[in-house]
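>>> Take this sequence and fold it.
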Amino acid sequence: VNETSFAVQHRKLDVNMEHYPSKRTIYVSKSTEHRQERLLDSKEYNDGKADEFETRECKAQYPWQLTSFPTCSSVHEFDLTELDAKHERDRRVALIAHGYWRDVWMVREVMTGEKRVLKTLRYTHAYEERNYDRHRRDAVAMERLSKSPLVVNIYGFCGNSGIFEYADGGDIDERLWPHKKTHGRETAELSSLTKLQIATQATMGIAAMHNIDKEGQASIAHTDISPGQFVLLDGIYKLNDFNRARFIRWSATKDKPCGYHVGRNPGKNRSPEEYKYELQTEKVDIYSLGNIIYMLLTSSWPFNGFEDEVAQKKVMSGKRPMVAKSIWNSTDPIIQTLREAMHVCHQQDPKVRGTAREVEKILLKELQLRDPNALQRWGLGSSLT
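Got it, this is the predicted structure:
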């Protein structure tokens, strides 16, 4: 081989060039092309799109409503294959629960071993724009609310996954019905004071959310308030799970908040305007708070024993779940206070319905008389005296 040909054969390769160009050709059949074209304009495709947020009339109140803060590297530090621990103390990963959208894992920090919660999208759901935006809102809302001790902390977020504060104290649902997994809805015996304390903590969490940016002007509606959304951490039931949340926009021309719609409102725990599929505001959270207070008072779900559709029609027509005469006629001042707070929450017209701060004021006034050191004990500031 002469010197020239050797030099050609051993020339230095350009690092920006593909060393081994692919020769594989993938053929797509005509029927596959047609299926993809049909999908593009289908209901299935449109259902997977995120809701339009800003319109000509309604704009974001704050820049943070349009953003996200992904920390994918921190999420990927957790290895979900470490499932073979022989002892509980050595366990670094465990699948502990699931919601409708995501599986819930207990994981441990790599360096400290501290427990965290990692939520990942359940296999049954699609990786589509709508779900990515759903969990973006969850992460952004919890990041925004991280300054409140009444909301669960978030530590990381990536796509449909998130890392959160670990709570092993259960939720309000489990406090009311501690044996429902094994013995049905066997009711726990809670004192009037305990009921007041739980109702106050839930109300304060919602009030913190509604007033996080400006007092009296909500920027977030949770839209899924229920006993299972408040988990016990550090002696407080903290608000959790914002993947159904809606960010509230502002109308520059009308100088007031814009309402929003949610496409599916199931169950028995929602407001009249949700079941009517009317324009909604943060007041839907107040109505559902009234249902939590109802559960604390009666140890029963609203319209227990009724089919969902029947219960929803009752709510839309202005009817409320039954309360026993012993509760309505109770002379216990705490029960009377809880009854008053529930009535304020359950107003049919959202414009007449109370705000979270108004309900909070009712409950805190009674708590001051019965447990003046409560806030100090909960780490929420000075005592109520």
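>>> Only C-alpha atoms, please: export stretch 55-71 in CSV.
Listed next in CSV are the C-alpha coordinates belonging to stretch 55-71 (Å, rounded to 0.1, in the frame of the first residue of the first chain):
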residue,chain,number,x,y,z
THR,A,55,-57.3,34.1,26.4
ARG,A,56,-57.9,37.6,24.9
GLU,A,57,-60.0,38.5,27.9
CYS,A,58,-58.4,36.5,30.8
LYS,A,59,-54.7,36.6,31.6
ALA,A,60,-52.5,35.2,34.3
GLN,A,61,-52.6,37.1,37.5
TYR,A,62,-48.9,36.3,38.2
PRO,A,63,-46.0,35.1,36.0
TRP,A,64,-45.5,32.1,38.3
GLN,A,65,-48.9,30.7,37.0
LEU,A,66,-47.3,30.1,33.6
THR,A,67,-44.0,28.6,34.7
SER,A,68,-42.5,25.5,36.2
PHE,A,69,-39.3,24.7,38.1
PRO,A,70,-38.2,21.1,37.2
THR,A,71,-35.4,19.5,39.1
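>>> Now do the buried residues in it.
58, 60-61, 64-65, 68, 71 (16 or more other C-beta atoms under 10 Å). Where C-beta positions appear, they are placed from N, C-alpha and C, glycine not excepted.
>>> from those, which is closest to Gln312?
Of all the buried residues of stretch 55-71, Gln312 sits closest to Cys58, with 27.6 Å by C-beta to C-beta.
>>> so what's the closest one bridging to?
Counting by DSSP bridges, Cys58 is bridged to Ser251.
>>> That one against Lys254, yeah?
No: Cys58 is not in contact with Lys254 according to C-beta atoms under 8 Å; the separation is 9.4 Å.
>>> Which of the buried residues of stretch 55-71 fall in strands?
Among the buried residues of stretch 55-71, the members found in strands (DSSP state E) are 58, 60.
>>> what's the closest of the buried residues of stretch 55-71 to Asn269?
Relative to Asn269, and with distances defined as C-beta to C-beta, the nearest of the buried residues of stretch 55-71 is Gln65, at 25.9 Å.
>>> Show the pLDDT at that closest one.
Confidence at Gln65, expressed as pLDDT, is 98.
>>> next one: the one 5 residues further on
The predicted local distance difference test score for Pro70 is 96.
>>> Give me the neighbour count for the closest residue to it other than its chain neighbours.
Nearest in space to Pro70, with sequence neighbours left out and distances taken as C-beta to C-beta, 6 or more residues apart in numbering, is Cys158 at 5.1 Å. Cys158: 18 surrounding residues under other C-beta atoms under 10 Å.
>>> ditto for Ala324
11.
>>> List the contacts of it.
For Ala324, the contact set (C-beta atoms under 8 Å, 6 or more residues apart in numbering) comprises Thr298.
>>> quick one: Cys258 from Asn211, how far?
As for Cys258, its distance to Asn211 is 18 Å (criterion: C-beta to C-beta, to the nearest Å).
>>> where does the stretch 151-300 of the chain dip in pLDDT?
180-186 (pLDDT under 70).
>>> how about a cut-off of 90?
For the stretch 151-300 of the chain, the stretches with pLDDT under 90 are 168, 178-189, 252.
>>> For it, which segments count as strands?
Along the stretch 151-300 of the chain, counting by DSSP state E, counting those that start in this stretch, strands occupy 154-158, 161-165, 220-221, 230-233, 236-239, 246-247, 249-251, 256-257.
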